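*Asks:* sequence? don't have it. structure:
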């Protein structure tokens, strides 16, 4: 009877130890200083010219993919290409890590003009902005981003889904870099 209880206790101890050995590396990876996850609040500053946006990354449970929601704080004038806008919409994006410190993204936002009171809708879309690119973690809380911007007319969304149709050629393109800084956590 004592031998049976001892064997049961020893088996339970071995099982718990094995589980801990399997779980520990995963838990430690999240705590390691080299483990970069797509999360947090960030400020992007354009290198060499005015331009700034801020955003929040909401990760999936793995931290390897995230959705981005943000705002354009200092934008660019597209005068001459599109009618003047009153404001930009919220910035939305999807991001995916491609390596321990690298990733890719795609984003979209809209140039808007406010319509007069009494109009059945509040704003009209004057242009569709997209950006795709890559990013690299260069330091704790700092990433360098290469943006490939493309701007489209609303008429280039014939199916009305809010995205430029795949075969459409952008009205205007440009490439630029940002350095994005993570907002530090409070202490």
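*Replies:* It's in. Please read all numbers here as calculations on a predicted model, not as lab measurements.
*Asks:* where does this protein have low pLDDT?
*Replies:* Scanning the chain for pLDDT under 70 picks out 1-35.
*Asks:* spatially central, which residue of it would that be?
*Replies:* In the chain, the centroid-proximal residue (Cα atoms, centre = their mean) is residue 68; its distance is 3.7 Å.
*Asks:* in three-state terms, label it for me.
*Replies:* strand (DSSP: H, G, I helix; E, B strand; the rest coil).
*Asks:* that one contacts residue 59, correct?
*Replies:* No: using Cβ atoms under 8 Å, residue 68 is not in contact with residue 59; the gap is 10.3 Å. C-beta coordinates here come from the backbone N, C-alpha and C atoms, glycine included.
*Asks:* which strand residues bridge the residue nearest to the centre of the chain?
*Replies:* Per DSSP bridges, the residues bridged to residue 68 are residue 57, residue 93.
*Asks:* list the contacts of it.
*Replies:* In this structure, residue 68 makes contact with 55, 56, 57, 58, 91, 92, 93, 94, 95, 105, 107, judged by Cβ atoms under 8 Å, 6 or more residues apart in numbering.
*Asks:* okay, now the domains of this protein?
*Replies:* 1-32, 40-182 (automatic domain parsing).
*Asks:* can you show me the helices along the protein?
*Replies:* Per DSSP state H, the chain carries helices over the ranges 2-31.
*Asks:* residue 119: neighbour count?
*Replies:* 10 (other Cβ atoms under 10 Å).
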